[in-house]
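In: how would this look folded up:
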Amino acid sequence: MPIVSPSPDSARVWLATLLRGEVPIAPALAESILLDTARTEGVLALCHNRLRQSPAWAQYPVTLRVALTRYAYQDIAVEMAREMDLRDVLDALARQSLPVLLLKGEALACMLYPEPHLRNRCDTDLLFPSREEAEYAWCVLQTLGYQRVGAMSGDLISYELCCHKTGHGGLAHALDLHWRWSNAALFAERFTFAELAASAVPIPALGPQAHGLSLVHALLLACVHRFVSLGGGMADRLIWLYDIHLLAQCLTDEPWQQFMALAEERTLCGPCLDGLDSARTWFGTNLSDAVLSRLRAGTDREGFDPRQFRPRWRYEWQTFRALPSTALRLRWLGQRLFPPPDLLQDQYGFEDWWKLPWYYGAWGVQSFGKLFRRDR
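Out: Residues are numbered from 1 along each chain as shown. So this is what the prediction gives:
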């Protein structure tokens, strides 16, 4: 299977070296470039944590150490506020007997990382059994001060509701309410809520109401989430690859067997192999020959080629082709080209509704440009 290799730059290579547990020499880079790259890659707090524990900490420039420490303290403060808010959310949902699972960053922060603030994230993903229950959850969240955000909708386009509120100190809290395990149409139906809930694990750090995906399901989702970002320029974001690395390192023989069986059964071998291979490239993830051989065989059966999904238009084309009828394809196009007006208002900030056709045109031009943006 052809694997698309990442295109590393010096800042990313230095950060990956640090996260692998090595102690690289001080980078020959402007501090602003290093800090901006670490922020973009979602590893700023991790960078501080690794350097602070290193005996070489004192050898780094004072300005770099001060900046990293300041950002780390800010992340700790944000994490404390986020945790309190999330506990209130989970308690409110539990009082209404709404079943919910934590997905992606929030769950991984508590399950994999020494301290939750080390796993950078900008929102919290919650999974519900159905859209009706997600809508009911939204009604509950309104009582806690949340406001709904304009977002892509349509039963063939999106499987989440987005909402946010501004808490104490002006800190923003954002929630995504999902009713499919993945928000990508190509993969949305691979697992049901009941399947995921049957093997869910408690997250004591967030209270008795908090449960997340099992390690096996979390690794499958991490690979899929990373993969669907291939055409958006962020697929090999270091924090996402580091999630895959940590999850893979946690699996023992039996969970690996479960992981490979599910990847084969749900035709996910290609995205999983591509994600694990990228994690191994950047972080030296220890993967057995048996795992790699079985995933490669499954990838060949699936006819998977990651180049089919770069740039973005290739991924959208595969999604379009996967729809089983002409009627569904036409409906998908309509939902893509004509998002809800409130989404355009949130994005462009206009007040005169008679200008709406012009903004639909602007949306179309921007969307067309994104289709041809390549992954870095």
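
In: which of the residues in stretch 204-223 are buried?
Out: Residues 206, 209-223 are the ones in stretch 204-223 that count as buried (16 or more other C-beta atoms under 10 Å). For glycine as for every other residue, the C-beta is placed from the backbone atoms N, C-alpha and C.

In: apologies, that question was intended for stretch 32-43.
Out: Buried-residue list, stretch 32-43, by 16+ other C-beta under 10 Å: 34, 35, 37, 38, 41, 42, 43.

In: reformat those into a markdown table and put pLDDT, distance to residue 289 and secondary structure next to each item.
Out: What follows is the buried residues of stretch 32-43, written out as a markdown table (pLDDT from 0 to 100; distance: C-beta to C-beta, whole Å; DSSP: H, G, I helix; E, B strand; the rest coil):
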| residue | pLDDT | distance to residue 289 | secondary structure |
| --- | --- | --- | --- |
| 34 | 87 | 36 | helix |
| 35 | 89 | 39 | helix |
| 37 | 90 | 34 | helix |
| 38 | 91 | 34 | helix |
| 41 | 92 | 30 | coil |
| 42 | 92 | 31 | coil |
| 43 | 94 | 29 | coil |
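
In: so how far is the helix or strand harbouring residue 321 from its chain's centroid?
Out: For residue 321, the host element (DSSP states H and E) is helix 312-322. Here helix 312-322 is found 20 Å from its chain centre; the criterion is C-alpha atoms, centre = their mean, to the nearest Å.

In: count the residues that sit near residue 276.
Out: Counted by other C-beta atoms under 10 Å, the residues lying close to residue 276 total 24.

In: just the one 10 residues further on next, same as before
Out: Residue 286 is flanked by 10 other residues according to other C-beta under 10 Å.

In: shaky segments in the stretch 51-200 of the chain?
Out: For the stretch 51-200 of the chain, the stretches with pLDDT under 70 are 150-156, 168-169.

In: next one: residue 67 from residue 199, what distance?
Out: Using C-beta to C-beta, to the nearest Å, residue 67 is found at 42 Å from residue 199.

In: who has more neighbours, these two?
Out: Set residue 67 next to residue 199 and count neighbours by other C-beta under 10 Å: residue 67 wins out with 17 against 12.

In: pLDDT score for residue 235?
Out: If you check residue 235, the pLDDT there is 61.

In: the chain should start at 845 in everything you say after this.
Out: Sure thing, new numbering starts at 845, so read that last one as residue 1079.

In: which residues touch residue 856?
Out: 881, 885, 1082 (C-beta atoms under 8 Å, 6 or more residues apart in numbering).

In: which element follows the helix of greatest length in the chain toward the C-terminus?
Out: For the chain, the helix with the greatest residue count under DSSP state H is helix 906-939. Heading C-terminal from helix 906-939, the first helix or strand you meet, by DSSP H and E, is strand 945-947.

In: what lies in contact with that next one?
Out: Applying C-beta under 8 Å, 6+ apart, the external contacts of strand 945-947 come out as 968-971, 1022, 1025, 1037, 1040-1041, 1044, 1047, 1050, 1054-1057, 1065.

In: now that strand, how far from the chain's geometric center?
Out: Distance, centroid of strand 945-947 to centroid of chain: 12 Å (C-alpha atoms, centre = their mean).

In: grab the nearest non-local neighbour of residue 935.
Out: Closest residue in space to residue 935, ignoring its immediate chain neighbours: residue 1053 at 6.2 Å, by C-beta to C-beta, 6 or more residues apart in numbering.

In: returning to what we had before: which other helices and strands does the longest helix of the chain contact?
Out: Applying 3 or more C-beta pairs under 8 Å, 6 or more residues apart in numbering; DSSP states H and E, one finds that helix 906-939 contacts helix 875-884, helix 888-896, strand 968-971, helix 975-986, strand 1016-1022.

In: now render the ones you listed as a markdown table, adding distance to residue 1105.
Out: Shown next, in a markdown table, are the helices and strands packed on helix 906-939 (distance: least, C-beta to C-beta, whole Å):
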| stretch | distance to residue 1105 |
| --- | --- |
| helix 875-884 | 36 |
| helix 888-896 | 32 |
| strand 968-971 | 22 |
| helix 975-986 | 29 |
| strand 1016-1022 | 25 |
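
In: most packed of those?
Out: Mean neighbour count (mean count of other C-beta atoms under 10 Å) peaks for strand 968-971 among those, with a mean of 25.

In: you'd agree residue 988 is up against residue 933?
Out: Yes. With contact defined as C-beta atoms under 8 Å, residue 988 counts as touching residue 933 (6.6 Å).

In: more neighbours: which of the two?
Out: residue 933 (22 against 15).

In: what about the residue nearest to residue 922 when sequence neighbours are not counted, how many neighbours?
Out: Using C-beta to C-beta, 6+ apart and skipping residues adjacent in sequence, the residue nearest residue 922 is residue 1015, 6.1 Å away. As a burial measure, residue 1015 scores 14 neighbours (other C-beta under 10 Å).

In: can you tell me which residues contact residue 1015?
Out: Contacts of residue 1015 by C-beta under 8 Å, 6+ apart are 922, 925, 926.
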